[in-house]
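Trainee: Below is the sequence, then the predicted model.
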Amino acid sequence: MSVAQELEPAKDIIFPPGDIYSDEPPLESDLHLRQIILLLRCLDLWWQNRNDFYATGNLTIYYSQRQLIPI
């Protein structure tokens with residue numbers, strides 16, 4: 001196997017396009033983070049006697065085809 005072939009991602013992996021337009025800010029501010037934490041704490045307190053929920057914050061995933069690491 002050549003070095004070029006080793007650096008290519010597997011053929012069966014489908015990567016999303018990396019040029020999707022968004023007018024959202026690239027990262028949340030400290031205020032946004034504090035708001036998310038406050039909301040999650042409130043939900044945890046509100047539903048403390050339940051075990052049938054899952055709540056989480058903004059799970060933005062940054063993706064760039066230029067930064068692919070072959071596996």
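Mentor: Noted; the coordinates are in hand.
Trainee: List of residues touching stretch 40-52?
Mentor: Stretch 40-52 is touched from outside by F53, A55, T56, G57, with contacts defined as Cβ atoms under 8 Å, 6 or more residues apart in numbering. All C-beta atoms are positioned from the backbone trio N, CA, C, and that covers glycine.
Trainee: How far does that stretch sit from its chain's centre?
Mentor: 23 Å (Cα atoms, centre = their mean, to the nearest Å).
Trainee: average pLDDT for that stretch?
Mentor: Averaged across stretch 40-52, pLDDT comes to 93.
Trainee: start to end distance for it?
Mentor: Using Cα to Cα, to the nearest Å, one end of stretch 40-52 lies 15 Å from the other.
Trainee: Next, the buried residues of that stretch.
Mentor: For stretch 40-52, a neighbour-count test (16 or more other Cβ atoms under 10 Å) marks nothing as buried.
Trainee: follow-up on the earlier one: the contacts of stretch 40-52 in strands, which ones?
Mentor: If you go by DSSP state E, these have nothing in strands.
Trainee: from those residues, which single one is nearest I13?
Mentor: T56 (25.3 Å; Cβ to Cβ).
Trainee: Helix, strand or coil: sort out the closest residue in space to the closest one that isn't next to it in sequence for me.
Mentor: Closest residue in space to T56, ignoring its immediate chain neighbours: L40 at 7.3 Å, by Cβ to Cβ, 6 or more residues apart in numbering. Three-state call for L40 (DSSP: H, G, I helix; E, B strand; the rest coil): helix.
Trainee: again, but for R34
Mentor: Once three-state DSSP is applied, R34 turns out helix.
Trainee: Any idea which helix or strand in the protein has the lowest mean pLDDT?
Mentor: One helix or strand of the chain scores below all others by mean pLDDT, DSSP states H and E: helix 3-7, with a mean of 56.
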